[in-house]
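J.: turn this into a structure:
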Amino acid sequence: MASDVARHLSLVGDEPLAHFYDSLPGFFWFEEGYRRMLATLPLDRPSRFVEIGSYQGKSAAYAGVEIFNRHIPCTLHCVDSWAAPNNEDNGAEIRVAFDRHTEPIAQALGERFQVHALPSLDAARLFADGSLDVVWVDGDHEYPAVRADILTWFPKLRPGGFMGGDDFCMKPVADAVIEQFAPSGYILVHGWGTADGQMQPWPSWIARKA
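T.: Sure, this is the predicted structure:
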């Protein structure tokens, strides 16, 4: 892995970055959701993309390469407490992995790559209402936490901004999303994930702030 990171660091400059997220451990099967979110970001003004739940950096690696290669003037904010990932006592180890895996992104984007090692609701206080373009909710997947993330972060979006998230196939996630967005509408984005060793439909969700 160290040699892979060094190889990608050597590519940072004016040349496009090669994608390397698929060589990293972790969970990321919502490329289509991220592609749709990145396509909403403007090219003529700065923007902000917040990722809640960054784990080992696989999704951040994808987003960072896309932001760099598309010349999007976007700052990517990664929010994760790394307290007990997947209810395991290995948060410090996972944080080290995240830093290692996203080193090429930090080099490429510079100050436009920001990491907030905080619980989601604490990190939300760092952002003014109406200041964000995209918020991706993929932290704690229990219903109270998903609901709290939605209610806390949705006001942070500018009008016309987007909120989305992974794991709509999980009932606690779906319940929170439907409760909040069913009256105004949301869309599902098809994806595939692995569970019990089998590929299964694993949709993401997206909602737009009016």
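J.: tell me which element the closest residue in space to Gly185 that isn't next to it in sequence falls in.
T.: Using CB to CB, 6 or more residues apart in numbering and skipping the chain neighbours, the partner closest in space to Gly185 is Ala207 (7.4 Å). Placement of C-beta: from N, CA and C, glycine included. Using DSSP states H and E, Ala207 sits in strand 204-208.
J.: same question for Gly193.
T.: Element membership for Gly193, per DSSP H and E: strand 192-195.
J.: quick one: mean pLDDT for the helix or strand that comes right after that strand?
T.: Per DSSP H and E, the first helix or strand lying C-terminal to strand 192-195 is strand 198-201. Across strand 198-201, pLDDT averages out at 77.
J.: got a list of contacts for strand 198-201?
T.: Strand 198-201 is touched from outside by Cys169, His190, Gly191, Trp192, Gly193, Thr194, with contacts defined as CB atoms under 8 Å, 6 or more residues apart in numbering.
J.: whichever of the residues you listed end up buried, select them in ChimeraX.
T.: In ChimeraX, this line selects whichever of the contacts of strand 198-201 come out buried by 16 or more other CB atoms under 10 Å:
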select :169,191,193
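J.: and the two most separated of the contacts of strand 198-201?
T.: With distances taken as CB to CB, the most widely separated pair in the contacts of strand 198-201 is His190 and Thr194, at 15.3 Å.
J.: hang on, the earlier thing: can you redo the contacts of strand 198-201 as a markdown table with pLDDT and distance to Gln114?
T.: Putting those into a markdown table (pLDDT from 0 to 100; distance: CB to CB, whole Å) gives the following:
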| residue | pLDDT | distance to Gln114 |
| --- | --- | --- |
| Cys169 | 91 | 30 |
| His190 | 77 | 30 |
| Gly191 | 79 | 26 |
| Trp192 | 75 | 30 |
| Gly193 | 71 | 28 |
| Thr194 | 68 | 30 |
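J.: all set, thanks.
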